[in-house]
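Visitor: here's my sequence, what's the structure:
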Amino acid sequence: MHWILGIILAVALFYILRGWSQLPEEKRKAYLFRGLAGGFALLMLFMVLTGRVQVLVAGVAALIPFLRKLPALFKYLPLVNRLYSQYKGQKDGGQQQAGGQQRPPGQAGMSVAQAREILGVDEKASREEIVAAHRRLIQKVHPDRGGNDYLAAQINEAKAVLLGGKR
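Guide: As a prediction, this is how the structure comes out:
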């Protein structure tokens, strides 16, 4: 009986994927979202009907500590996004400059504007403010604390660029 159900599900999945691949790109996204939402609803219905609701409750309970930290993490998304886009620019053969122009790979360095943007300080920031911003950010992304080597290097370089003229 189980193999018959498996064959029926495989054939249904084949027809669904074939129809989905023939849709235009804008409709694919909408149908994908609807399909995922419908699949989630069917999974929930199945869990309730088979008496496995305790698995859902345990899963939600396991997520609660992470959900409490989520708003605090959202304030670092712009920094991570900016540093990741710079990383992608370097990986493609050059570094992104502030104006969106490519810098050749042989020319290293970071502009003062980029350094201020990474550390989140303004033009009139004092040495103490720069050091405090660096310390705050490096504590979040340091490799010894499970962070990223690239992000830590960018933050260190930004500090060096900004403090280079204030020694």
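Visitor: name the next helix or strand following the helix or strand of the chain with the lowest mean pLDDT along the chain.
Guide: Within the chain, confidence by mean pLDDT, DSSP states H and E is lowest for strand 102-103 among all helices and strands, at a mean of 41. Later in the chain than strand 102-103, the nearest helix or strand by DSSP states H and E is helix 112-119.
Visitor: CA atoms only: put that next one into CSV for me.
Guide: Output of helix 112-119 as CSV, limited to C-alpha atoms (Å, rounded to 0.1, in the frame of the first residue of the first chain):
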residue,chain,number,x,y,z
VAL,A,112,37.7,57.5,4.2
ALA,A,113,34.0,57.6,3.3
GLN,A,114,33.8,53.8,3.2
ALA,A,115,35.6,53.5,6.5
ARG,A,116,33.2,56.0,8.1
GLU,A,117,30.2,54.1,6.7
ILE,A,118,31.5,50.7,7.9
LEU,A,119,32.1,52.0,11.5
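Visitor: helices and strands around that helix, which ones?
Guide: Helix 112-119 sits against helix 77-91, helix 127-141, helix 149-164, with contacts defined as 3 or more CB pairs under 8 Å, 6 or more residues apart in numbering; DSSP states H and E. C-beta: built from backbone N, CA, C; applies to glycine.
Visitor: most packed of these?
Guide: Comparing the helices and strands packed on helix 112-119 on average neighbours per residue, with mean count of other CB atoms under 10 Å, the densest one is helix 149-164 at a mean of 18.
Visitor: mind putting the helices and strands packed on helix 112-119 into JSON lines with distance to residue 10 and mean pLDDT?
Guide: What follows is those, written out as JSON lines (distance: least, CB to CB, whole Å; pLDDT from 0 to 100):
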{"stretch": "helix 77-91", "distance to residue 10": "38", "mean pLDDT": "79"}
{"stretch": "helix 127-141", "distance to residue 10": "45", "mean pLDDT": "91"}
{"stretch": "helix 149-164", "distance to residue 10": "43", "mean pLDDT": "89"}
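Visitor: of the ones you listed, give the one that comes closest to residue 3.
Guide: Among the helices and strands packed on helix 112-119, the nearest to residue 3 by CB to CB is helix 77-91 (46.2 Å).
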